[in-house]
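Q: requesting a structural model of the entry that follows:
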Amino acid sequence: MPIYEFFCEDCQKSFEVLCSLKTDLSTITCEKCSGKRVAKKVSSFARIGGGKSHDLGGGGHDHASGGSCGSCSTHSCGTCGH
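A: Predicted coordinates for the structure are as follows:
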């Protein structure tokens, strides 16, 4: 089940809700003030577990083929972990 992030426009609080994929997000209310003026925030995906994370969108981390990151000039850097 995904975790959605919301922002309450009434009390200015951010909060998270664990929802099923069938949940009608328009029925979500603020957990602090029970306000109905909530907006879903844009969230990024997270990976749970060990190991290095890799850019799946082709964002320049192509060390396997000899390339380098956009922010480094070597084939191994501490910034991105590659």
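
Q: please identify the helix or strand for the residue lying closest to residue 14 once chain neighbours are set aside.
A: Leaving aside its chain neighbours, residue 14 sits nearest to residue 7 (5.2 Å; criterion: CB to CB, 6 or more residues apart in numbering). Where you see a C-beta, it was placed from the backbone N, CA and C, and this is true even at glycine. Following DSSP states H and E, the helix or strand that holds residue 7 is strand 3-8.

Q: show me what the helix or strand immediately after that strand in the chain is packed up against.
A: Once strand 3-8 ends, the next helix or strand along the chain (criterion: DSSP H and E) is strand 14-18. Contacts defined by 3 or more CB pairs under 8 Å, 6 or more residues apart in numbering; DSSP states H and E place strand 14-18 against strand 3-8.

Q: between the strand it packs on and strand 14-18, how big is the angle?
A: Here the directions of strand 3-8 and strand 14-18 differ by 150 degrees (axes from the mean of the first three to the mean of the last three CA atoms, to 10 degrees).

Q: these two touch, right, the residue nearest to residue 14 and residue 42?
A: No. The pair residue 7 / residue 42 is not scored as a contact, 10.5 Å apart, by CB atoms under 8 Å.

Q: buried stuff in the strand holding residue 7?
A: By 16 or more other CB atoms under 10 Å, the buried positions in strand 3-8 come out as 4, 6, 8.

Q: same thing with stretch 31-40?
A: Neighbour counts over stretch 31-40 (16+ other CB under 10 Å) mark residue 38 as buried.

Q: just for the chain, where's the confidence low?
A: Scanning the chain for pLDDT under 70 picks out the ranges 44-82.

Q: one more time with 80, if that's ok
A: Scanning the chain for pLDDT under 80 picks out 43-82.

Q: and the helices in the protein?
A: Along the chain, counting by DSSP state H, no stretch forms helices.
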